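Chemist: This is the structure alone, sequence omitted:
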């Protein structure tokens, strides 16, 4: 009887593995992300340096839709609070490609993020955002894409600090990334 259960379980596991491998064979999984560095030296006050790292994993559903998640880490010297801070956030999003022209594709990302910022010397703040971010993707090959997004339209809440709603289309909202398709 135990041998029969083992054979039955073996068949179930084998069937699940075959189904998963066929799904992955037809799936378009991609990964990449962004890396950032900025140093600001104001005429008055301390300099401010920011480093960010945001690996991203995505899944292409069809030629127009992708689902993805990014985990972002930032380390920044905060001029206003006079201390260093570390920020972590989780940012799931859906990407809709609405136009293609040769190797270029134009898209809009819609998603949200939730994160925590820890200040040096104690204290922390939670942040929630929801919004849209337009961008362009250039396919360098069948496996490599460069992407750039400019701007952000949405809502941001930093607990016990501020709420913001609006449109941001300046160079501080410019992001570049590179993605590899599997």
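Modeler: In hand now; what should we look at? This structure is a prediction, so every number in the text was calculated from the model and none was measured. Numbering: from 1, shown residues only.

Chemist: where are the low-confidence patches of this protein?
Modeler: 1-11, 13-14, 16-27, 42-46, 78-84, 169-173 (pLDDT under 70).

Chemist: residue ranges for the helices of it, please.
Modeler: All helices of the chain, identified by DSSP state H, fall at 2-26.

Chemist: Quick one: the strands in it, in order.
Modeler: Along the chain, the stretches classed as strands by DSSP state E are 28-40, 48-60, 65-78, 83-101, 104-119, 124-139, 144-150, 152-158, 162-168, 174-181.

Chemist: Adding mean neighbour count as columns, could you present the ones you listed in CSV?
Modeler: To be clear about C-beta, it is placed using only N, CA and C from the backbone, and glycine gets the same treatment. As requested, those are arranged in CSV below (neighbours: other CB atoms under 10 Å):
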stretch, mean neighbour count
strand 28-40, 14
strand 48-60, 16
strand 65-78, 17
strand 83-101, 15
strand 104-119, 16
strand 124-139, 16
strand 144-150, 17
strand 152-158, 16
strand 162-168, 11
strand 174-181, 15
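
Chemist: could I get those as a markdown table with distance to residue 12?
Modeler: Putting the strands of the chain into a markdown table (distance: least, CB to CB, whole Å) gives the following:
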| stretch | distance to residue 12 |
| --- | --- |
| strand 28-40 | 25 |
| strand 48-60 | 25 |
| strand 65-78 | 28 |
| strand 83-101 | 31 |
| strand 104-119 | 36 |
| strand 124-139 | 40 |
| strand 144-150 | 38 |
| strand 152-158 | 45 |
| strand 162-168 | 51 |
| strand 174-181 | 31 |
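
Chemist: contacting residues around stretch 148-164?
Modeler: Stretch 148-164 is contacted by residues 109, 125-136, 165-169, 173-177 when judged by CB atoms under 8 Å, 6 or more residues apart in numbering.

Chemist: Then stretch 107-127?
Modeler: Residues from elsewhere that reach stretch 107-127 (CB under 8 Å, 6+ apart): 72, 78, 81, 83-98, 128-137, 149, 156-161.

Chemist: dump the residue contacts of the closest residue in space to residue 57 that isn't next to it in sequence.
Modeler: For residue 57, ignoring the flanking residues on the chain, the nearest one in space by CB to CB, 6 or more residues apart in numbering is residue 31 at 4.8 Å. Shown in contact with residue 31 (CB under 8 Å, 6+ apart): 55-58, 179-180, 182.
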